[in-house]
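Visitor: how does the following fold in three dimensions:
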Amino acid sequence: MALPILYSLRNCPYAMRARIAIFKSHQPVALRDVVLSDKPPEMILASAKATVPILVISQTDNSISKENAKCQVIDESLDVMLWALNSADPNDLLHRDSPEVLTQMLAFITEFDVEFKRCLEAYKCAKRYHETNIDECRAACEHYIQMLELRLTAHKFLSSERESLLDIALLPFIRQFARIERQWYLQSPYPNLKAWLNNYLQSPMFTKVMAKYPLWLDSAEKVVFVGK
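Guide: Below you'll find the model as predicted:
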């Protein structure tokens with residue numbers, strides 16, 4: 001049976017968290033790195049959204065055909081994460097013994113995906129275009145950062161003493177936040193958040209997830225991506 005195909009973009013936070021979950025699940029996929037300015041027609045055919053990540057399951061070849069249209073397509077990053085961890089979850093990131101915890105995690109992730117992401121985009125724009133409201137934009141983000149700091153004061157990870165879906169879902173966006181005003185972030189009053197983020201950024205897992213591969217359209221090389 002053909003491997004699931006994952007269309008991805010190395011530095012996109014949504015694609016990044018999908019790759020992290022797939023890595024954690026040890027589920028192999030055929031990775032196709034792309035650039036959004038030159039989208040493969042196979043990717044566009046798979047999903048009209050044509051944004052990464054896109055996971056195509058049971059695709060048997062590289063051709064554009066009606067048969068490929070029958071494949072299962074998952075084109076939301078959180079859904080890709082859940083697919084991976086429902087397939088295999090050796091570290092119990094879904095906390096299966098506590099269904100209510102998963103419900104809470106999903107609600108929190110949705111809040112961040114909508115509200116924090118909006119604030120984060122405004123903060124990035126304020127920095128990029130040297131706008132005068134950068135302090136206000138940063139403060140709006142800090143409302144959510146303070147939530148995470150409080151959680152990390154209570155336990156090692158965002159949901160409990162154990163790593164969870166919540167940690168790996170938010171990680172790429174907190175990484176973005178930390179990179180906008182690097183000097184401010186390094187001096188910010190969030191020691192637990194900084195330790196949590198640094199622990200991930202320095203991990204072998206993150207290095208492997210962020211490895212650079214040839215663009216699929218350029219090389220047509222089959223890259224098997226799997227956690228080890």
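
Visitor: can you report how many residues lie near His95?
Guide: 20 (other CB atoms under 10 Å). Yep, even glycine has a C-beta here, placed from its N, CA and C like the rest.

Visitor: revised request: answer the last question for Gln187.
Guide: 8.

Visitor: residue contacts, it?
Guide: With contacts defined as CB atoms under 8 Å, 6 or more residues apart in numbering, Gln187 has no neighbours.

Visitor: leaving out the residues flanking it, which one is nearest to His155?
Guide: Nearest residue to His155 in three dimensions, chain neighbours excluded: Glu161, at 4.9 Å (CB to CB, 6 or more residues apart in numbering).

Visitor: now do Leu148
Guide: Nearest one to Leu148, counting by CB to CB, 6+ apart, is Leu193 at 5.5 Å.

Visitor: and the one you found, that's in a strand?
Guide: No - using DSSP: H, G, I helix; E, B strand; the rest coil, the secondary structure at Leu193 is helix, not a strand.

Visitor: quick revisit: measure the residue nearest to His155 to Lys39 for me?
Guide: 42 Å (CB to CB, to the nearest Å).

Visitor: which parts of the protein are helices?
Guide: Under the criterion DSSP state H, helices of the chain are mapped to 13-25, 41-46, 66-69, 77-87, 99-111, 117-128, 134-154, 165-180, 182-186, 191-201, 204-209, 216-219.

Visitor: on that earlier part again, residues contacting the residue nearest to Leu148?
Guide: With CB under 8 Å, 6+ apart, Leu193 has these contacts: Ile145, Leu148, Glu149, Leu152, Ile174.
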